[in-house]
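Trainee: Model the following, please.
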Amino acid sequence: MLPANLAPLKVDPAAGTPTWSGWVRLGRRAMAGCILESMRVPDVIPDCVVFLCVKEEDGRVSYRGTAFQVAVRSEAAPEDRGWSYLVTARHNVFDSLDQYRQLYARLNAISGDAQLVELPRKWWMCPDDDASDVAVLRFPPSEDESTLAPIPNTMFATKDVVQAQKIGIGEDVIVTGLFSEVAGRHRNLPVVRAGIIAAMPEEPLQDLRSGLDYHAYMVELRSFGGLSGSPVFVRLDPNRAYGVGGNMTRYYLLGLIRGHWDSYGPVKFPDNEIETMNLGMGIVTPIDEVCRVLFQSSEVHWRRQRERVYRVDMSGGRWTPEPP
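Mentor: The predicted model follows:
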């Protein structure tokens, strides 16, 4: 069951897609932009994530990875509201649903405890490319009951932003998400890890499972299973020497964790130690792959159709139907 504050996904018979009437307010807990004065990691970054999990036959909860909330700014009220989505790695979703009947999102409630939200088996959207490891779901907002803070699309480090900001190798990155060994007894406890961009997505890499080519950033960052699907942010220090730093720290959403490299090779371990070694190099899917889903023509049309029947009541800060 979805918590009472979350509107259930409903099927639009005409479109054959799920619809919901909720919006997410960007100015409340969401990061309104990419420029921040604080030198430490702002709270809104770990607040954007949820933990993906399943239930075993004995009722135990098993964690499968991380997802995070983003918001596409409304064209009708770009400074106030946006459409909410959940983003993760595609393998987190479909590997789980191949083995279990139900996938859940564990999120922190304002009341103090975590709550499990059932996620639909259908309606996940993926790029039209089997090599892409991205899954996106229209996600009803829960701003009155949870501490989730969506990342607006104005923070996306798309190819154009990367070029304009001269983002390249050596830039600082941070990732936040699940540490599966310590998920949190009563609340999600997302961890933050730091690293640098080691290589730009210039030459395609090959997926070991499918053999397909894909593009990704390589980041010097010790990744692990629970971080799959976690958001990766690039942090631009105000003292950068490229003339685009300004006088404040900037954060952009670079992409999401796809996986990491392990060494199975000649390294020998004692019998009681693990036989693979994390090489400390993470694989990050560029945020452009998420944009392919969020800004595909059918999804833009879906948002515009629903915004046509709403107007902004600025005095009350609410969305109300247009009069007939």
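
Trainee: got the contact list for Pro231?
Mentor: Pro231 makes contact with 45, 48-49, 66, 68, 87, 151, 175-177, 253, 255-256 under the criterion C-beta atoms under 8 Å, 6 or more residues apart in numbering. Every residue, glycine included, has its C-beta placed from N, CA and C.

Trainee: Which of those fall in strands?
Mentor: Val49, Thr66, Phe68, Val87, Ile151, Val175, Thr176, Gly177, Leu253, Gly255, Leu256 (DSSP state E).

Trainee: Return the distance of the first one relative to Lys55.
Mentor: When C-beta to C-beta, to the nearest Å is the yardstick, Val49 and Lys55 sit 20 Å from each other.

Trainee: Comparing these two, which shows the higher neighbour count?
Mentor: Counted by other C-beta atoms under 10 Å, Val49 and Lys55 do not tie: Val49 has more neighbours, with 28 against 15.

Trainee: That one touches Val191, doesn't it?
Mentor: No - between Val49 and Val191 there is no contact under C-beta atoms under 8 Å: 10.0 Å.

Trainee: any common contacting residues for those two?
Mentor: Thr176, Gly177, Leu178.

Trainee: can you list the weak-confidence ranges in the stretch 151-300 of the chain?
Mentor: For the stretch 151-300 of the chain, applying pLDDT under 70 flags the ranges 222-225, 241-247, 261-279.

Trainee: Can you show me the helices along it?
Mentor: 159-164, 287-294, 297-307 (DSSP state H, counting those that start in this stretch).

Trainee: Could you point out which of the ones you listed sits nearest Leu212?
Mentor: helix 287-294 (13.5 Å; C-beta to C-beta).

Trainee: residue nearest the centroid of this structure?
Mentor: Ranked by distance to the mean C-alpha position of the chain (C-alpha atoms, centre = their mean), the top residue is Phe68 at 3.2 Å.

Trainee: residue contacts, Asp288?
Mentor: Counting by C-beta under 8 Å, 6+ apart, Asp288 has contacts Thr158, Lys159.

Trainee: From what I see, Val54 and Gln102 are in contact.
Mentor: Yes - look at Val54 against Gln102 with C-beta under 8 Å: they come within range, at 6.8 Å.

Trainee: neighbour count winner among these two?
Mentor: Here Val54 and Gln102 are compared on neighbour count by other C-beta under 10 Å; more neighbours surround Val54, at 17 against 14.

Trainee: Work out for me the element the more buried one sits within.
Mentor: strand 49-55 (DSSP states H and E).

Trainee: Packing partners of that strand?
Mentor: Strand 49-55 sits against strand 61-73, helix 90-99, strand 103-108, strand 114-119, with contacts defined as 3 or more C-beta pairs under 8 Å, 6 or more residues apart in numbering; DSSP states H and E.

Trainee: ok, now with 10 Å
Mentor: If you count contacts as 3 or more C-beta pairs under 10 Å, 6 or more residues apart in numbering; DSSP states H and E, strand 49-55 packs onto strand 61-73, strand 81-88, helix 90-99, strand 103-108, strand 114-119, strand 172-177.

Trainee: Let me have the ones you listed in CSV, extended by distance to Ala183.
Mentor: Putting the helices and strands packed on strand 49-55 into CSV (distance: least, C-beta to C-beta, whole Å) gives the following:
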stretch, distance to Ala183
strand 61-73, 5
strand 81-88, 16
helix 90-99, 15
strand 103-108, 8
strand 114-119, 9
strand 172-177, 10
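
Trainee: Pick the most buried one from the ones you listed.
Mentor: strand 81-88 (a mean of 25; mean count of other C-beta atoms under 10 Å).
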